[in-house]
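Asks: Would you be able to build a 3D model of this:
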Amino acid sequence: MEIKEENIINIHNFLPHREPMLMADYILELTKEKVITSFEIKEDNIFVHNNEFVEAGLIENLAQTCSSILGQSFFENPEADTKVIGFITNIKKIEVFALPKAGDTIISKASLISQFENICQISCETFVDETLLIKGEINLFIQEVKQ
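Replies: Numbering: from 1, shown residues only. Below is the predicted model of the structure:
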């Protein structure tokens, strides 16, 4: 996938996650129904074990990628101090085919299947180069926390 630098969005604008639980770096493409993210796996990542990014890390990366679709409506103004809470409500299906290594950059793609208010069902898959690592369908919930 060719990455155009002028189109890259810092994922901090769309997710409440921060280190050490931030498992996506950049949004490469974002619409109301689709998102593509990138993530460079560092050796000191909490989900790296024996130089591999384990299944839990792949699932967290997918969830954060997927939540960018729903989260964009809460973070339209990056200057606002919006607080949100979100979580996986259901993993409908997940298949893991391979684990990436520390140093790899993974690309995750997610597409909205359905949405009802703050709950959505999303299909997703993650690649390193052309190799499919994981694919699945998850349901997410996200809402703004009133302060």
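
Asks: show me where this protein has strands.
Replies: Using DSSP state E, the strands of the chain run over 9-10, 26-30, 34-40, 48-49, 52-53, 84-96, 105-116, 119-128, 131-144.

Asks: quick one: the closest residue to Leu133 other than its chain neighbours from Ile27, how far?
Replies: Spatial nearest neighbour of Leu133, excluding adjacent residues (C-beta to C-beta, 6 or more residues apart in numbering): Thr126 at 4.8 Å. For the C-beta atoms, the positions are set from N, CA and C on the backbone; glycine is no exception. Thr126 sits 14 Å away from Ile27, going by C-beta to C-beta, to the nearest Å.

Asks: if you count what's nearby, which of the two comes out ahead?
Replies: Thr126 (27 against 21; other C-beta atoms under 10 Å).

Asks: and that one, what is it in contact with?
Replies: Counting by C-beta atoms under 8 Å, 6 or more residues apart in numbering, Thr126 touches Leu58, Asn61, Leu62, Thr65, Ile106, Ile107, Ser108, Lys109, Leu132, Leu133, Ile134, Lys135.

Asks: Need the pLDDT of the spatially closest residue to the third one that is not a sequence neighbour.
Replies: Nearest-residue entry for Leu62: Cys124, 4.6 Å, with adjacent residues in sequence omitted and distances by C-beta to C-beta, 6+ apart. Cys124 is assigned a pLDDT of 95 by the prediction.

Asks: Can you give me the neighbour number for Cys124?
Replies: Neighbours of Cys124 using other C-beta under 10 Å come to 23.
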